[in-house]
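K.L.:
Have a look at this prediction, sequence included:
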Amino acid sequence: MDTIFRSPLRSTLLGLLLVVPLLVFVEPAAWDAAFWRFAVRWLHVLSAILLIGLLWYANLMLMPAMPRLPEDSRPAVAKVLGPNLTLWMRWSGLVVAASGLLLAALEGYLWQALVLGAAEGFAVPRHAAIGLGMWLALFMIANLWLYVWPHQRRALGLAGAKGDSDARARAARRALQGSRLNLALSLPMIFLMVAAQNLF
C-alpha cells in the first residue's frame, strides 16, 4: 500500500480504478450518447478542478510564501516548483478547453454560446452566461500559454531564455501579473458556468 501512496501517478490510477465499480450503477440501456456526454462533462470538471486548484494554490499559497523563504532557497524552489506547476496548469487548461467545447457541441449549444446568445436574439440567458464563461476561460488559458509561461521561462532562465537580473525581475513581475489576472477572472468565470447550469 505504501508504494501506491508514494507516487501521485499511482494514487491517481487507484482513484480511477475505484471509479470502475461505480459503472455497475449505470444501466446497460444508459450506455448511449447521454453517458458519453456525462463522461466528457466528468473529464471537464476534473481538469477544471486541477487547473483552478493549481491557479489558486500558486497565487494564494506559493507566491505569497516565497518572500518568507530564506533567500538562498528561493531560486531552487522557483526552479523546481514553477515549471512543474505551469506544466500541469497549461495542459489541464487545454483539456478544460477541449472538453468544454466538445461538451457544448454534444449538448447542441456550442454556436449559441460562442456568440453569447446573439443567434437567438439574446432570448436564452443560459447561452449568454455559459458563452461569456467560455470566453473568459479561453482567454485565461491563452493568457497562461502566451503570456504567463513565456515570462516565467525568462524569469527562471529556462530553455535558453537568459537575461540580466533586471530583465528577469521584469519577466517575473509580468508572469505574476498575468497569473493574478487569471486568479481574478476565475471567480466570474466559475460564477457564470455555475449560473448557466443552475439559474437559467
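P.N.:
Perfect, I can see it now. This structure is a prediction, so every number in the text was calculated from the model and none was measured.

K.L.:
continuing past the helix or strand hosting Val96, what's the next helix or strand?
P.N.:
Using DSSP states H and E, Val96 sits in helix 74-107. Remark: after helix 74-107, the chain's next helix or strand is helix 110-114, criterion DSSP H and E.

K.L.:
and that next one, which residues are buried?
P.N.:
Leu110, Gln112, Ala113, Leu114 (16 or more other CB atoms under 10 Å). C-beta coordinates here come from the backbone N, C-alpha and C atoms, glycine included.

K.L.:
Show me the contact partners of it.
P.N.:
Helix 110-114 is contacted from outside by Leu101, Ala104, Ala119, Glu120, Val124, His127, Ile130, Gly131, Met134, Trp135, using CB atoms under 8 Å, 6 or more residues apart in numbering.

K.L.:
Closest to Ala33 out of these?
P.N.:
Ala104 (14.6 Å; CB to CB).

K.L.:
can you give me the helices in the protein?
P.N.:
Secondary structure of the chain (DSSP state H): helices at 2-5, 8-19, 33-57, 63-65, 74-107, 110-114, 125-143, 149-156, 165-198.

K.L.:
still on that earlier bit, counting by contacts, list what the helix holding Val96 packs against.
P.N.:
Here helix 74-107 touches helix 33-57, helix 110-114, helix 125-143, helix 149-156, going by 3 or more CB pairs under 8 Å, 6 or more residues apart in numbering; DSSP states H and E.

K.L.:
just for this structure, where's the confidence low?
P.N.:
28-30, 159-163 (pLDDT under 70).

K.L.:
Return the distance of the closest residue to Ala123 other than its chain neighbours relative to Arg168.
P.N.:
Excluding the flanking residues, the one nearest Ala123 by CB to CB, 6 or more residues apart in numbering is Gly117, at 7.3 Å. According to CB to CB, to the nearest Å, Gly117 stands 45 Å off from Arg168.

K.L.:
Compare those two (neighbour count), which wins?
P.N.:
Gly117 (21 against 17; other CB atoms under 10 Å).

K.L.:
The protein - how does it break down into domains?
P.N.:
1-31, 33-198 (automatic domain parsing).

K.L.:
Give me whichever of those is most buried.
P.N.:
Ranked by mean neighbour count, those are led by domain 33-198 with a mean of 16 (mean count of other CB atoms under 10 Å).

K.L.:
end to end, how far does it reach?
P.N.:
Domain 33-198 has an end-to-end distance of 22 Å (CA to CA, to the nearest Å).

K.L.:
distance between it and the chain's centre?
P.N.:
Between the centre of domain 33-198 and the centre of its chain there are 4 Å (CA atoms, centre = their mean, to the nearest Å).

K.L.:
roughly how far apart are the residue nearest the centre of the chain and Ala167?
P.N.:
The structure's the chain has its C-alpha centroid closest to Leu51; by CA atoms, centre = their mean the separation is 2.7 Å. Leu51 sits 29 Å away from Ala167, taking CB to CB as the criterion.

K.L.:
For Leu192, which non-adjacent residue is spatially closest?
P.N.:
In space, Leu192 is closest to Gly133, 3.3 Å off (CB to CB, 6+ apart).
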